[in-house]
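Undergrad: Quick one: sequence and predicted model below, then my questions.
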Amino acid sequence: MHWVFATLLGYLVGSIPFGLLLAKAAGKGDIRQIGSGNIGATNVLRTGSKGLAAAVLLLDAGKGFAAVFAAWRWFPDAVSATALAAVVGHCFPMWLGFKGGKGVATNAGVSFGLAWPIGIAYALVWLAILAVTRISSLAGMSAVVAAAIAAAALGFVPFAPVLTVIALLVIWLHRENIRRLVAGEEPRVGKGT
């Protein structure tokens, strides 16, 4: 039963739509009607509010961390289930017709929650790729792959499988971004939408 409760915990916490809630509270309207229609920080940035986007980024990462942190206390044998469910909850929240974000920020929090060295690897790769390319999608996809590799390389092997599954999910959700990257049409942060 621990796996069931751990999964429910992760999904429910992960499905809190901070992007939608904060955008509405800030008078930006329904974020799902802007840009990509996703509820994540990158799409919130398209409203023109960097502060709001930063808040969403931190809250989405925070919910991933909080879910895993709680699982360590209540369901330590099922932490991986909580980690996966938190990202799935963000990407497919039942409250929004199963259309959410792409899981990058939530997985950052999950990575820190599983083991801080994994989180550091995630953050360093994300920041480095973003600084060099200014392409949010490329930075996010690189970071999720880095987290899975870091888990295996830094001695956190039990978490490598779940982080690999999360990485595959995040990359699949970025398939349109990948198409634009290949075509040289993916927008850069601060330029276009």
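TA: Noted; the coordinates are in hand.
Undergrad: Can you find the helix or strand of this structure with the lowest average pLDDT?
TA: Within the chain, confidence by mean pLDDT, DSSP states H and E is lowest for helix 41-45 among all helices and strands, at a mean of 81.
Undergrad: which secondary structure elements does it contact?
TA: helix 18-25, helix 50-74 (3 or more CB pairs under 8 Å, 6 or more residues apart in numbering; DSSP states H and E). C-beta coordinates here come from the backbone N, C-alpha and C atoms, glycine included.
Undergrad: can you list the weak-confidence ranges in this protein?
TA: 190-193 (pLDDT under 70).
Undergrad: which stretches of it form helices?
TA: With DSSP state H applied, the chain shows helices at 2-14, 18-25, 41-45, 50-74, 79-91, 104-114, 116-133, 136-153, 160-173, 175-183, listed in chain order.
Undergrad: Pick the most deeply packed of those helices.
TA: helix 104-114 (a mean of 29; mean count of other CB atoms under 10 Å).
Undergrad: before we move on, back to that, in a markdown table: the helices of the chain, plus distance to residue 33.
TA: Formatted as a markdown table, the helices of the chain follow (distance: least, CB to CB, whole Å):
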| stretch | distance to residue 33 |
| --- | --- |
| helix 2-14 | 23 |
| helix 18-25 | 10 |
| helix 41-45 | 10 |
| helix 50-74 | 16 |
| helix 79-91 | 19 |
| helix 104-114 | 21 |
| helix 116-133 | 26 |
| helix 136-153 | 20 |
| helix 160-173 | 19 |
| helix 175-183 | 18 |
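Undergrad: mind checking which of those is nearest residue 98?
TA: Closest approach to residue 98 among the helices of the chain is made by helix 79-91 (8.5 Å; CB to CB).
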